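Student: 3D, please:
(one chain, ligands or ions: 1)
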Amino acid sequence: MKKILVINGPNLNMLGLREPSIYGNRDFKALLAFIEESAKTLGLEVECFQHNHEGAIVDKIQQAYGVFDGIVINPAAYTHTSVAILDALKAVQIPTVEVHLSDVSEREEFRHHSFVSLFASKTIMGKGFDGYQEALEFFV
Ligand code: DQA
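Tutor: This next block holds a predicted model:
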């Protein structure tokens, strides 16, 4: 069974409370349940990791080397700023799919650039929770 690491970046733990007109009313616990259910249906083993700190995300990606077959990552705000997360993904060379709940291409200019996109095999945006399922399907 393929092992997939799902990483969520800063403020995604605030789902439900955070800007519901953009991110919806469902909370982070509901997202985790959705991801676990999707993985089960697709026959994938999944581990979910959320952190607000860039370095902790870098550490987790490094530790994924030799352990996980794929990474699904919503780097949240670090999408647009983090060379360190991009470099960690390049270092471990684990196939990666990038996900965003909202359609970042339709939002502020500063959200249009993604460092992680320079490594990710695929980027899914604007599909809410379903985007995570589509990302997992990539590994089936
Ligand atoms: C996000 C989009 C980012 O621009 C933002 O900083 C987030 C969430 C999304 O899922 O739509 O925190 O990655």
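Student: what does this structure have sitting close to the ligand?
Tutor: Proximity of the chain to the ligand, by Cβ under 6 Å from any ligand atom, involves residues Asn11, Asn74, Ala76, Ala77, Thr79, His100, Leu101, Ser102, Val104, Arg111. No exception for glycine: its C-beta is placed from N, CA and C like everyone else's.
Student: let's see 5 Å
Tutor: Asn74, Ala76, Ala77, His100, Leu101, Ser102, Arg111 (Cβ under 5 Å from any ligand atom).
Student: drop anything exposed from the residues you listed.
Tutor: Buried residues within the residues of the chain next to the ligand, counting neighbours by 16 or more other Cβ atoms under 10 Å: Asn74, Ala76, His100, Leu101, Ser102, Arg111.
Student: would you turn those into JSON lines with secondary structure?
Tutor: Output for these, formatted as JSON lines (DSSP: H, G, I helix; E, B strand; the rest coil):
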{"residue": "Asn74", "secondary structure": "strand"}
{"residue": "Ala76", "secondary structure": "helix"}
{"residue": "His100", "secondary structure": "strand"}
{"residue": "Leu101", "secondary structure": "coil"}
{"residue": "Ser102", "secondary structure": "coil"}
{"residue": "Arg111", "secondary structure": "helix"}
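Student: among the helices and strands of this protein, which has the poorest mean pLDDT?
Tutor: Using mean pLDDT, DSSP states H and E, helix 20-23 stands out as the lowest-scoring helix or strand of the chain, at a mean of 95.
Student: what comes up buried for it?
Tutor: The neighbour-count check on helix 20-23 (16+ other Cβ under 10 Å) flags Tyr23 as buried.
Student: what does stretch 113-133 give?
Tutor: 114-116, 119-120, 123-125, 127-129, 131-133.
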